[in-house]
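K.L.:
curious how this folds, go ahead:
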Amino acid sequence: MGGDKQPLITAAVPVYMAQRSLARCVDSVLAQTYQNLQIILVDDGSPDDSPQICDAYGAMDRRVLVIHQENGGVSSARNAAIDAAMGEFITFIDSDDCVAPDLVEQLLAASRRFGGGIAICKVTRRQEELSLGLCGEGIVYTPREAMRELTLLPEEGPRFEGWSVSKLFPRSLFSDIRFPVGVSIGEDLAIMYRLFDRAGKIIFVDTAKYFYDNNPWGAVNGDLSQKDLLGILAVWDGFCGFVRERYPELESCVRDRAAIGAVRYYCQMCGGGYTGPDIQDQLIGRVRRELSGLLRGKRPFSCKWNACLTAVCPRLLKAFLAACGQWSRLKRLISRRDAGRQ
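P.N.:
Below you'll find the model as predicted:
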């Protein structure tokens, strides 16, 4: 960083049931080329050995602050870290994941290079793709452009998503913004559009600095409850209401994306055998309300086809997905049985 002042940067790590991956995560933070760090490990009432691992790191390195609290969910843990943060900037790292050694250094340099704002790096699902240095100078987004990115589907090639990880935020942005406690899916998106709007400038660094480990025990991979689904629907409603007032040209994009999400969640419920008629009716109703706009938009054909099936013949789709789910479970049972015989 040369002779420039090195501001304190807080790295916030929420910890729950992470004993298998926690050391890898924390070691990658301790190995940062940027050393002026405050590392906050928030033990969210984890029943495994994670609390002891956190305490061991706290005793080993003075930069590590350990917070123990009763289980309140990832939003509660991140909020506790925000409240305890002393850094001028803050970055969030999930305990399942790990980061490149120069993540903090490069994101801070990008923010400074373009005069402040939120800096974002590329996320990879292959740890070996983490790299040192930069592939490019960075791409600057306006808040409107960054929010549009949040409405894109994976197949539409967004450069970044609404996750809190892989980003470096000026801590001042959180003066009156916190993650919504009780929301287990979409809690990042619930505040990301507000942070983008407040930052005024978003810088994307197209180099993989953050490894996202697709933990099969994570919330996004488990069975969805009615509370989960009501929470994510409320998040998209909040996003839609926000852009309606401040960026009305984005409203149709947000509404389309929310409808596609409703299709996905309906299919996930049916395929998993979860029957919640009230929430299923809400999902189907949302798709039906938005179907005409979705069909006119520039979304992939597969999304439009699935939306049509959900809106027009949901019972047939449900029966098909339930059968597929039963077949998948049967194949897993057969595979386990055969493995046991070997």
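
K.L.:
any idea how far residue 60 is from residue 135?
P.N.:
Using CB to CB, to the nearest Å, residue 60 is found at 34 Å from residue 135. Yep, even glycine has a C-beta here, placed from its N, CA and C like the rest.

K.L.:
and the longest strand seen in the chain, how far out from the chain middle?
P.N.:
Longest strand of the chain, by residue count under DSSP state E: strand 202-211. Distance of strand 202-211 from the chain centroid (CA atoms, centre = their mean, to the nearest Å) equals 14 Å.

K.L.:
so which elements touch that strand?
P.N.:
When contacts are defined as 3 or more CB pairs under 8 Å, 6 or more residues apart in numbering; DSSP states H and E, strand 202-211 packs onto strand 98-99, helix 103-113, strand 118-124, strand 139-141, helix 143-150.

K.L.:
in it, which residues are buried?
P.N.:
For strand 202-211, the neighbour count (16 or more other CB atoms under 10 Å) marks 202, 203, 204, 205, 207, 208, 209, 210, 211 as buried.

K.L.:
can you name the next helix or strand after that strand?
P.N.:
Using DSSP states H and E, the helix or strand that directly follows strand 202-211 along the chain is helix 226-246.

K.L.:
the longest strand of the chain pairs with which strands?
P.N.:
Paired strands of strand 202-211, with direction, are strand 98-99 (antiparallel), strand 118-124 (parallel), strand 139-141 (antiparallel) (DSSP bridges).

K.L.:
any weak-confidence spans in the stretch 151-300 of the chain?
P.N.:
Across the stretch 151-300 of the chain, the ranges flagged by pLDDT under 70 are 215-224, 272-276.

K.L.:
how about a cut-off of 90?
P.N.:
Across the stretch 151-300 of the chain, the ranges flagged by pLDDT under 90 are 154-155, 182-185, 213-232, 264-281, 297-298.

K.L.:
follow-up on the earlier one: ok, which of the strands paired with strand 202-211 comes nearest residue 192?
P.N.:
strand 118-124 (9.3 Å; CB to CB).

K.L.:
quick one, that closest one and helix 143-150 angle?
P.N.:
Strand 118-124 runs at 20 degrees relative to helix 143-150, counting by axes from the mean of the first three to the mean of the last three CA atoms, to 10 degrees.
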